[in-house]
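# Sequence and predicted structure are below.
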Amino acid sequence: MAVSDISELESALQALSLAPVPLYDEADVLNNPLDLCRSYLADLLASITECEPKTAYQAVSWPNSIFGRQDQVSSLQRGVKDG
């Protein structure tokens with residue numbers, strides 16, 4: 001389903017019981033589904049690690065190809081608070 005703006009996307013996702021889309025400057029959630037998933041994952045990681053959301057977003061790396069047999073990687077050590 002194609003959407004033209006963020007409010008349309010959030011309405012569609014709300015039907016799936018998802019929270020509002022976490023927005024990041026680097027993410028193109030309207031045109032790249034991986035950026036949408038990455039945004040939700042970064043939001044979750046930021047809340048777990050208590051780091052800045054932007055740091056969590058940048059720590060999530062995707063494989064070069066979504067069609068290959070590669071794993072998604074998160075470098076949590078970059079976002080974890082010292083303590």
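Nice, thanks for sending it over.
# doesn't residue 8 make contact with residue 21?
No: contact criterion C-beta atoms under 8 Å: residue 21 and residue 8 do not qualify, at 11.0 Å. C-beta here means a position set from N, CA and C on the backbone, and glycine is covered the same way.
# Would you mind telling me which of the two has the busier surroundings?
Neighbour tally, residue 21 and residue 8, criterion other C-beta atoms under 10 Å: the higher count belongs to residue 21, 19 against 13.
# Would you map the helices across the protein?
Secondary structure of the chain (DSSP state H): helices at 6-14, 33-49, 53-59.
# In the longest one, which residues are buried?
Within helix 33-49, the residues that qualify as buried are 35, 36, 38, 39, 41, 42, 43, 45, 46, 49, counting by 16 or more other C-beta atoms under 10 Å.
# Just name the closest of those to residue 61, please.
Closest approach to residue 61 among those (C-beta to C-beta): residue 38, at 9.2 Å.
# could you measure the nearest residue to the closest one once chain neighbours are set aside against residue 46, distance?
In space, and not counting its chain neighbours, residue 38 is closest to residue 60: 5.2 Å by C-beta to C-beta, 6 or more residues apart in numbering. Distance, residue 60 to residue 46, by C-beta to C-beta, to the nearest Å: 10 Å.
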